[in-house]
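> Provided below are the primary sequence and the corresponding predicted coordinates.
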Amino acid sequence: MQAFRNCGLCASGNLLKGRTDFLVARRNMSVLRLSAACVQLLKDKTNVFCSSPVHQRLLRLPEVVRSKAVAFSISSGLCAVPFTQVENLSHESLIRRASCLVTDSANTYLSQTTLALVDAHTQYAKALHTLIALQKRYITSIGKLTPAEEDSIWQVIIGQRVEVSDRLEECKRFESNWMNAIHICELSAEAAYNSGAEHACTATKTNLQVAQSKVEEIRKISREAKKKLAETKAEEIQRMAEYVSSIDINDLEDIPEAYLRED
C-alpha cells in the first residue's frame with residue numbers, strides 16, 4: 001500500500017529532488033512491481049482451480065448434500081462430523097430377530113390351518129343338516145310310499161350319508177394340521193419370550209387364543225348337528241315300531257324291505 005501511495009505522489013506532479021529521492025522512488029517501483037506479480041499469480045491459481053474437474057463436480061453437488069458437508073473451523077479444527085449409529089449385531093439381537101421370523105411363519109401357518117378347519121366343519125355341519133332333512137322327510141312318508149319311491153328316497157339318503165362321511169374325514173385331516181400349527185405356535189412363542197422378543201410372544205399367544213376360540217365355536221355347531229341327527233334317527237326307529245305294530249301280522253309280507261332294515 002505504501003508503494004501505491006508513492007506512485008500516486010509521482011502521478012500528481014511532484015518532482016524528484018536529489019539522488020536520495022531518486023533511490024527511494026526506484027525502491028518503491030520495485031515493491032509495486034512485486035505486488036503486481038503476486039496479484040497476477042493469485043489470479044492465475046484461482047482460474048486454474050475454478051476450471052478444474054473437482055471444482056466443477058463440487059458446483060454440481062445438490063444443495064442438500066452441500067448443506068450436510070462436514071464443517072471445519074480454522075481456529076478450532078474439526079467442529080462437526082455427521083455420522084450414523086450402527087445397531088449392535090450381537091448374537092442376542094440376531095437370535096431375537098430369528099425368533100420373530102419364526103413366530104411370523106408360525107402365525108401364518110396357524111391362520112391357514114384354522115381357516116381350512118373352520119371351513120371343513122362348516123361343510124360337515126351343512127351335510128349333517130341336509131341328511132337330517134332327508135331323514136325327517138322319510139319319517140313323515142313311512143307307510144305312504146310305493147316300493148319304487150321307497151328305493152328312490154333311500155338312494156338319496158345313502159348318497160348323503162357318504163357325503164357326511166367324506167366331510168368328516170376332511171375335518172379329521174385338517175384337524176391334524178391344525179394341531180401341528182398349535183404346537184408350533186406354542187414353541188415359537190416360548191422361543192420368542194426366551195430371546196427377549198416379548199411383543200412377538202404376546203402376539204402369538206393372542207393368535208392362539210383367537211384360533212382356538214373360532215375352532216371351538218364351529219365344533220359346537222358340528223356337535224349340535226350330530227346330536228340332531230341322532231335324535232332324528234331315534235325318531236325314525238320309534239316311528240317304524242309304531243307303524244309295524246299298527247298293521248296286521250299277515251300284512252308284514254307287504255311291508256317294503258327298507259322299513260325292516262337296520263340302518
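Here it is on my side, so go on. Residues are numbered from 1 along each chain as shown.
> all contacts plus neighbour counts: C-alpha atoms, from now on.
Fine.
> Low-confidence stretches in this protein?
For the chain, applying pLDDT under 70 flags the ranges 1-88, 248-263.
> That one: strands as residue ranges?
With strands called from DSSP state E, the chain shows them at 71-73, 77-80.
> so what's the backbone phi/psi at residue 197?
Torsion angles at residue 197 (phi, psi; degrees, to the nearest 10) stand at phi -90, psi 70.
> ok, for it, nearest residue in space, not its chain neighbours?
Using C-alpha to C-alpha, 6 or more residues apart in numbering and skipping residues adjacent in sequence, the residue nearest residue 197 is residue 96, 6.0 Å away.
> Next, count neighbours for that neighbour.
Other residues within reach of residue 96, judged by other C-alpha atoms under 10 Å, total 21.
> for the one 5 residues further on, same thing?
A count of neighbours around residue 101, defined by other C-alpha under 10 Å, yields 15.
> and what of residue 206?
Using other C-alpha under 10 Å, residue 206 has 11 other residues around it.
> the helices in the stretch 101-250 of the chain, which residues?
All helices of the stretch 101-250 of the chain, identified by DSSP state H, counting those that start in this stretch, fall at 147-195, 198-246.
> now the ones you listed as a markdown table including distance to residue 113?
Shown next, in a markdown table, are the helices of the stretch 101-250 of the chain (distance: least, C-alpha to C-alpha, whole Å):
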| stretch | distance to residue 113 |
| --- | --- |
| helix 147-195 | 5 |
| helix 198-246 | 9 |
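> Just name the most buried of those helices.
Mean neighbour count (mean count of other C-alpha atoms under 10 Å) peaks for helix 147-195 among the helices of the stretch 101-250 of the chain, with a mean of 17.
> which non-adjacent residue is nearest residue 135?
Leaving aside its sequence neighbours, residue 135 sits nearest to residue 232 (C-alpha to C-alpha, 6+ apart; 6.8 Å).
> what do you get for residue 92?
residue 195 (7.1 Å).
> okay, now the domains of this protein?
Annotated domains of the chain cover 2-75, 91-260 [automatic domain parsing].
> ok so, going back, return the residues in contact with the residue nearest to residue 197.
The contact partners of residue 96, by C-alpha atoms under 8 Å, 6 or more residues apart in numbering, come to 192, 195, 196, 197.
> What residues does the nearest residue to residue 201 once chain neighbours are set aside make contact with?
Closest residue to residue 201 apart from its sequence neighbours, by C-alpha to C-alpha, 6+ apart: residue 189 at 4.4 Å. Residue 189 sits next to 103, 200, 201, 202, 204, 205 when contact means C-alpha under 8 Å, 6+ apart.
> re earlier: Serialize the contacts of residue 96 to a markdown table and add fields for distance to residue 217.
As requested, these are exported to a markdown table (distance: C-alpha to C-alpha, whole Å):
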| residue | distance to residue 217 |
| --- | --- |
| 192 | 29 |
| 195 | 34 |
| 196 | 34 |
| 197 | 31 |
